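> below are the sequence and a predicted model; questions follow.
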2 protein chains.
Amino acid sequence: MTERSRLDRQIDFLVEADKLKNTIRATELCDASRYENSAEHSWHLTLYALVLADQAGPGVEIDRVIRMLILHDLVEIDAGDNPIFGALDHAAIETAERAAADRIFGLLPDDQRDALRAIWEEFEAAETPSAQFAKSLDRFQPPMQNLASGGGSWTDFDVTEQQIHDRVGSRIAIGAPALWDYARRRISAFFEARRAS
Amino acid sequence: MTERSRLDRQIDFLVEADKLKNTIRATELCDASRYENSAEHSWHLTLYALVLADQAGPGVEIDRVIRMLILHDLVEIDAGDNPIFGALDHAAIETAERAAADRIFGLLPDDQRDALRAIWEEFEAAETPSAQFAKSLDRFQPPMQNLASGGGSWTDFDVTEQQIHDRVGSRIAIGAPALWDYARRRISAFFEARRAS
């Protein structure tokens, strides 16, 4: 068997990554025409980072945030998406995602395997300002989709306003408090209109 | 009418950008299950930039390349995708894409409209090393998809190996000569196998 070149291994990884386009999320497109996949969601988040960079606190490096968001969902190729309003077994998810990271980043040449894995680990740990901001954007985009599509995953999972506060709001507020303030007001208006209808 | 806040305008833009997920390209996914859309394609290209950064020549700033790739297809929301092997009216495409850029970037607050438009203009002009590398990646990814899917847009458009050299190879070679060398060898083997079958 011929030894795989560095470029062969890089392309193997990039072709494998294509599968993220087939990982379906619980969130709908803004026009409610279909569910979003994790690849296009990842792109959308990088655009959120570019445009909402003025919401980032001290110590946030936007280019690093963007790199995290490019990579953050790759493990879902093996582990699938876990809707935030579903029943979540956090330990099982973490085990599955770590095994996925081993396999998928392991396709790369060793130096890149380690470098990209480190970016993903920083995102997962959510301790640095950049990771906290990236996590906040990842939680902020789905409510914007649901508000645009008329309910989306909130309707599918029969979610209450309080559940959004608990499961999503607290996390948005850590890295981007003004974004949660904005989302909270719009979510409140959405549920008020729904009660009135 | 209430005046729209800065954040309202940013969210208007981000919600409008969601439509790129419905712009369908001529390239198939690697598993040939469906055609790729321009949003997930844009994500894939940012990953190409991260992984293939070691192919970038002097003067290339990878984080700027990534920003270009995030933004490069947004105009297709209005102007659509133009398959490289189709019949192309370049003047008409440019007019449509400039009008699209005016409208779509125009949704943003003025300072961001100008900053993001400048990144897109740099990509389109293809004069800086970063833009040339970004353009090369944009031409390099579809052949990798076609090789994986067993022909893809080459089959749909009845494309010859020489046409790939003329329309794609020359452009990949400008910003990433080693990537074209790699693609050329694999494309040659692909067409040889097809002739033999």
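Yep, that arrived.

> so in chain A, which strand runs the longest?
Using DSSP state E, we find that the single longest strand of chain A is strand A:24-28.

> chain center to it: distance?
On the basis of Cα atoms, centre = their mean, to the nearest Å, strand A:24-28 sits 11 Å off its chain's mean C-alpha point.

> what is the subsequent helix or strand relative to it?
strand A:35-37 (DSSP states H and E).

> any chance you could list what contacts that following strand?
By Cβ atoms under 8 Å, 6 or more residues apart in numbering or on different chains, the residues outside strand A:35-37 that reach it are A:20-29, A:145, B:21, B:40. Where you see a C-beta, it was placed from the backbone N, CA and C, and this is true even at glycine.

> rewinding a little: which secondary structure elements does the longest strand of chain A contact?
For strand A:24-28, the elements it packs on are strand A:35-37, helix A:38-51, helix A:129-149, helix A:153-156, judged by 3 or more Cβ pairs under 8 Å, 6 or more residues apart in numbering or on different chains; DSSP states H and E.

> export the ones you listed to JSON lines and append columns for distance to A:Leu69 and mean pLDDT.
Formatted as JSON lines, the helices and strands packed on strand A:24-28 follow (distance: least, Cβ to Cβ, whole Å; pLDDT from 0 to 100):
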{"stretch": "strand A:35-37", "distance to A:Leu69": "14", "mean pLDDT": "98"}
{"stretch": "helix A:38-51", "distance to A:Leu69": "4", "mean pLDDT": "98"}
{"stretch": "helix A:129-149", "distance to A:Leu69": "6", "mean pLDDT": "98"}
{"stretch": "helix A:153-156", "distance to A:Leu69": "20", "mean pLDDT": "94"}
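
> let's have those in TSV, adding mean neighbour count.
Conversion of these to TSV gives the following (neighbours: other Cβ atoms under 10 Å in any protein chain shown):
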stretch	mean neighbour count
strand A:35-37	22
helix A:38-51	26
helix A:129-149	23
helix A:153-156	19
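
> tell me which of those sits nearest to B:Ala53.
Nearest to B:Ala53 among these is helix A:38-51 (16.1 Å), distances taken as Cβ to Cβ.

> send the alpha carbons of the closest one over as PDB?
Taking Å, rounded to 0.1, in the frame of the first residue of the first chain, the C-alpha atoms of helix A:38-51 are listed here in PDB:
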ATOM      1  CA  SER A  38     -24.900  21.500  11.000                       C
ATOM      2  CA  ALA A  39     -22.600  22.600   8.100                       C
ATOM      3  CA  GLU A  40     -24.700  25.500   7.000                       C
ATOM      4  CA  HIS A  41     -25.400  26.300  10.700                       C
ATOM      5  CA  SER A  42     -21.600  26.500  11.300                       C
ATOM      6  CA  TRP A  43     -21.300  28.900   8.300                       C
ATOM      7  CA  HIS A  44     -24.100  31.000   9.700                       C
ATOM      8  CA  LEU A  45     -22.400  31.200  13.100                       C
ATOM      9  CA  THR A  46     -19.100  32.500  11.500                       C
ATOM     10  CA  LEU A  47     -21.200  35.300   9.900                       C
ATOM     11  CA  TYR A  48     -22.800  36.000  13.300                       C
ATOM     12  CA  ALA A  49     -19.300  36.300  14.800                       C
ATOM     13  CA  LEU A  50     -18.200  38.700  12.000                       C
ATOM     14  CA  VAL A  51     -21.200  40.900  12.300                       C
END
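
> which strands or helices does it pack on?
strand A:24-28, helix A:62-71, helix A:129-149, helix B:6-17, helix B:38-51, helix B:62-71, helix B:110-125.

> can you add distance to B:Ala134 and give those back as TSV?
Formatted as TSV, these follow (distance: least, Cβ to Cβ, whole Å):
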stretch	distance to B:Ala134
strand A:24-28	27
helix A:62-71	14
helix A:129-149	23
helix B:6-17	19
helix B:38-51	7
helix B:62-71	4
helix B:110-125	6
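
> out of these, flag the one nearest B:Ile104.
Closest among the helices and strands packed on helix A:38-51, using Cβ to Cβ: helix B:6-17, at 6.4 Å.

> returning to what we had before: which one of the helices and strands packed on strand A:24-28 lies closest to B:Ser188?
It's helix A:38-51; of these, that one is closest to B:Ser188 (Cβ to Cβ) at 29.7 Å.
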